[in-house]
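Enquirer: Predicted structure and sequence below. I'll ask about it afterward.
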Amino acid sequence: MVKLYIDAQRCDTGEDFVLPDNIFNLNSQNLTEVERQQEGTSITLHIPASRRNDAIMGFAADPHAEVRFNATYHHGEIECDGVVVFGGVVHLEAIEAEPIANGSRGHSVSYRIRITDGADEWAKQMATTPLQETPLEYSATLNGATIAASWEEDSVVRFLPVYRDEYLRSEEQDTLYPPQRVLTVGDYHPFIAVKSLVEAMFAERGYAIKGNFWQSELMKSLLISGCTAADNSLSAARLMSVAGFCAGRENEATAEADYSGRVYLSSVVLANSLGNFVESADKSLNEEFFNNGNSLSISEEGVIYRPRVAASVAFDIYLKYTTDYRILSRERLQGFDSIYVDAGCDMQFGILNPYTDRRGEIAARTNYLCMIFDFAEGEHYRIEWKNTAGVISYTEITARATTVTSVAGSAADCRLLKEQADGSFAEAEGDWAMYDGYVEECGTREVEVTLRTAPEALSPQHAKEFIRMYMYGAEPHQRITLSAECRLRPVFTSAAGLGSHLTAKDILQHNATQMNLLTALQQMFNLHIYSDKQRREVWIEPHDDFYNDDCHDWSHRVVLSDNLSAEEIAAEVGAWRTLAYHSDGGGAVSRFNLKQQTTLGEWSAKTDSYIARERNHRQTNTLFCPTLSATKVFADAPSAALLSVGNRDADEVGDSAVRIVRWEGLLQLPATERWGFPSNGDRYPFAAFHYPAGKSGEEGAALVGDIPATGPEESFTLCFEDRDAAVGLHAHYDKKWRVEALRRKITLSIRISPEEMLALRDIRSDGPNICSLFRLEADRQTNLFRLHSIVGYDIEQGVARMVFVHKD
């Protein structure tokens, strides 16, 4: 018996009340297109006007009714033999009146109502919720410590080094020893853990994510690039035309460090001073220079920037200088390696030690510089030499730096021994190194670095002063020569700089909704997303892993007297199918595609059937773009692979593309390489969209640079195509596409009760469900099938019209 309830009150249904046959409709396509889960299933019913129904419907037939039915929420349920088979929100669509059939005067009045079920509220909400509104817990101050801490295992946000696509300066291409490019905060970009982000999206709505794929190492490794907003009321270009400038120096300047290791960048200070950091913005002196609106003033009182309009402004400080140095440790040189701009803007970047420690590769009869970094006056050391013949000899050491000569023959080992209080010698515990003989403890080093300050709110009433600037980090009396190529420029942006406070919302300013992210992930891995409202669970698995091999024999349930049809699935798909990303991903990718006559990240496959439609069915990722990695970016770690972003040939400043990469952790660099700021160690943070293990400079290898990258032993890729010995993501589609090209779908009638129909939707049920295998006998042949869809159900007969697809 069928019963209808609205707001828990039973309705009169009338004698000829019939349920529509789409009450149990199911389509597996909804699992692969998450946006469809906003729609749900709607059924339309007619119920007669009666005293009971009139009261339930708020006397809607009365034009003078005080309250409209659709003004408030109403819930309806359909019950069949005690089992609730459908439920959802109720809407009154129309009030219908038909003449009474027997000729009597008057009309028969009925209510046409619509009940909608199956729509997931989380899907509706995600479709309209900006990504930045995701309640992801993160709060940090942007500095070196924050960047280094982000490389730990449980970090929600990781700061990864990026290489901004640019043309090399002439000296970088032609000089044997180019200026050292120093890592700073500006070389790192925030990336957010995809797993944490999506879990926060669902947790906000009371759902937990389940599935083996979701707990996999691949899922844990995925990161997407963060995006910060520029919230100025005027565009950056407009602000630059009103209040922009480029200022530099007219000449080099040299100064000596004071007792505290400082030199001053101010005309106000006379001793140990280089003068103002910049000396002019006059275009007649240099074509690069300009000073729109005379916003920048340079005088004996210092450098002052006063914009004509209110704006959020950061500053790019391009430093190029030569500094005296002393070798401080195996990792660092001591020299001018920090700059103080003003309160709250103190930037330390460090100068890496470029010299290789040769202790593990001592050659016979060769001069070396032995350095003991924690040497104290009066201490006595000796080097113990031992060659392969077993001959041992010693060299006495009584200074921090000593030139020594290795023993004759094939040398195998050397040890540093330290004299103990009793006159004996034991192996030294402190840090020491053995450098090539030409290396000196003190020397000069050219340094090049671009630093960006945190943005500030400036206006005609609130100016920025560059009067208290100084450089420091050196020893007293060390000298520095500031190049005439130094520059100072404003950057009209609210993007984070050194010292900025960051929250998740600050770095999730993408022009995208939560649904856009979910759809993009679904397209990459051919994900099935199944929602269980009762258990508040969402199951996420790739197509091949979503289904199981639990087999149920339904041959006896087939209604042989009903029609059976078998259709070629290939008739519904394109002759060609393509998987691709949103855009080319920047200058490096564009040049690679042009040179190799390929499209990075794109895969096409032909449907092996002549009945397929003559078209290319293209599935393009709506959010992500491909990314190439580049080596030979930093001279001190040339094998480090950095994500290449931006386009040197584009007019736009910055990089607005959304990138997805795999995080592989901190990787060991070769013995001759060192990573700089902020860790200053022998490991570097590695992530990539595509990584060709051991390949670089080879024809077709997808890597920028002519030396192999330091990375994992095996190649990997997030490209859809196979590339550089890595299997592409098309593998998640291969089996499904093969079935669609070669198999048929059959439509037939199955005897099944309402309770069993409900259980089909529950993937945790012990019986048959949408993940199961079904054995069916059709046309005197028994085969295995997957349930594709339910297109109708006769609740009186207990017969469902179902569509099955041959198992691959």
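Expert: Now that the structure is in, tell me what you want to look at.

Enquirer: Tell me where the stretch 151-300 of the chain has strands.
Expert: 157-164, 180-181, 188-193, 208-210, 222-225, 245-248, 253-256, 263-264, 290-291, 296-299 (DSSP state E, counting those that start in this stretch).

Enquirer: Mean pLDDT lowest where, among these?
Expert: Mean pLDDT values for the strands of the stretch 151-300 of the chain show the minimum at strand 180-181, a mean of 66.

Enquirer: which stretch among the strands of the stretch 151-300 of the chain comes nearest P63?
Expert: strand 208-210 (48.8 Å; CB to CB). Glycine gets a C-beta too; all of them are placed from N, C-alpha and C.

Enquirer: Out of the strands of the stretch 151-300 of the chain, flag the one nearest L787.
Expert: Taking the strands of the stretch 151-300 of the chain one by one with CB to CB, strand 208-210 is closest: 20.6 Å.

Enquirer: Which positions are bridged to the residue lying closest to A208 once chain neighbours are set aside in the beta structure?
Expert: Ranked by CB to CB, 6 or more residues apart in numbering and with sequence neighbours excluded, the top spatial neighbour of A208 is E537, at 5.6 Å. Beta bridges link E537 to A208, D532, judged by DSSP bridges.

Enquirer: Now for E537, how many residues are close by?
Expert: 17 (other CB atoms under 10 Å).

Enquirer: same question, A693
Expert: Neighbours of A693 (other CB under 10 Å): 15.

Enquirer: Test for you: state the pLDDT assigned to it.
Expert: 87.

Enquirer: What residues does it make contact with?
Expert: G711, P712, E713, E714, S715, D724, A725 (CB atoms under 8 Å, 6 or more residues apart in numbering).

Enquirer: Nearest spatial neighbour of the most centrally placed residue in the chain, chain-adjacent residues omitted?
Expert: In the chain, the C-alpha nearest the mean C-alpha coordinate belongs to I224, at 0.9 Å (CA atoms, centre = their mean). Using CB to CB, 6+ apart and skipping the chain neighbours, the partner closest in space to I224 is I660 (5.2 Å).

Enquirer: go on, G711?
Expert: Y691 (5.1 Å).

Enquirer: next one: G244
Expert: Using CB to CB, 6+ apart, the nearest residue to G244 is N292, at 5.0 Å.

Enquirer: Number of residues surrounding the one you found?
Expert: 18.

Enquirer: try V791
Expert: With other CB under 10 Å as criterion, V791 counts 16.

Enquirer: residues in contact with L517?
Expert: So L517 contacts L131, V194, L197, V198, M201, I224, L623 (CB under 8 Å, 6+ apart).

Enquirer: Please flag which of those residues sit within helices.
Expert: If you go by DSSP state H, these have V194, L197, V198, M201 in helices.

Enquirer: okay but the second one is in contact with T134, surely?
Expert: The one in question is L197. Yes. Contact criterion CB atoms under 8 Å: L197 and T134 qualify, at 6.2 Å.

Enquirer: Quick check: neighbours shared by the two?
Expert: L508.

Enquirer: Break the chain down into its domains, please.
Expert: The chain breaks down by automatic domain parsing into domains covering 2-119, 236-353+442-494, 359-436, 550-571+743-806.

Enquirer: ranking these by mean pLDDT, which is last?
Expert: For these, where the average pLDDT is lowest is domain 2-119, sitting at a mean of 85.

Enquirer: Looks to me like V661 is in a helix.
Expert: No. The assignment for V661, made by DSSP: H, G, I helix; E, B strand; the rest coil, is strand rather than a helix.

Enquirer: Look at it and report its pLDDT.
Expert: 97.

Enquirer: mind listing what it touches?
Expert: Applying CB under 8 Å, 6+ apart, the residues contacting V661 are L160, F191, L222, L223, S225, T627, L643, A687, A688, F689, L718.

Enquirer: Mind putting those residues into TSV with distance to T254?
Expert: Below are those laid out as TSV (distance: CB to CB, whole Å):
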residue	distance to T254
L160	38
F191	42
L222	50
L223	45
S225	42
T627	43
L643	38
A687	42
A688	43
F689	45
L718	50
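
Enquirer: closest to G681 among the residues you listed?
Expert: L160 (16.3 Å).

Enquirer: My read is that that closest one contacts V645, right?
Expert: No. Using CB under 8 Å, L160 is not in contact with V645; the gap is 10.2 Å.

Enquirer: Common neighbours of these two, please.
Expert: H189.

Enquirer: Return the alpha-carbon coordinates of stretch 738-757 using PDB.
Expert: In PDB, the C-alpha atoms belonging to stretch 738-757 read as follows (Å, rounded to 0.1, in the frame of the first residue of the first chain):
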ATOM      1  CA  ARG A 738      37.900   0.300 -23.900                       C
ATOM      2  CA  VAL A 739      34.500  -0.900 -22.600                       C
ATOM      3  CA  GLU A 740      32.700   1.900 -24.300                       C
ATOM      4  CA  ALA A 741      34.400   1.200 -27.600                       C
ATOM      5  CA  LEU A 742      33.900  -2.600 -27.700                       C
ATOM      6  CA  ARG A 743      31.000  -3.400 -25.500                       C
ATOM      7  CA  ARG A 744      27.200  -3.000 -25.500                       C
ATOM      8  CA  LYS A 745      24.700  -1.800 -22.900                       C
ATOM      9  CA  ILE A 746      21.500  -3.900 -22.500                       C
ATOM     10  CA  THR A 747      18.200  -2.600 -21.200                       C
ATOM     11  CA  LEU A 748      15.800  -5.200 -19.600                       C
ATOM     12  CA  SER A 749      13.300  -5.600 -16.900                       C
ATOM     13  CA  ILE A 750      14.200  -7.000 -13.400                       C
ATOM     14  CA  ARG A 751      11.900  -8.200 -10.600                       C
ATOM     15  CA  ILE A 752      13.000  -6.400  -7.500                       C
ATOM     16  CA  SER A 753      11.200  -5.100  -4.300                       C
ATOM     17  CA  PRO A 754      11.300  -1.500  -3.100                       C
ATOM     18  CA  GLU A 755      13.500  -2.500  -0.200                       C
ATOM     19  CA  GLU A 756      16.000  -4.000  -2.600                       C
ATOM     20  CA  MET A 757      15.800  -1.000  -4.900                       C
END
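
Enquirer: Thanks a lot, catch you later.
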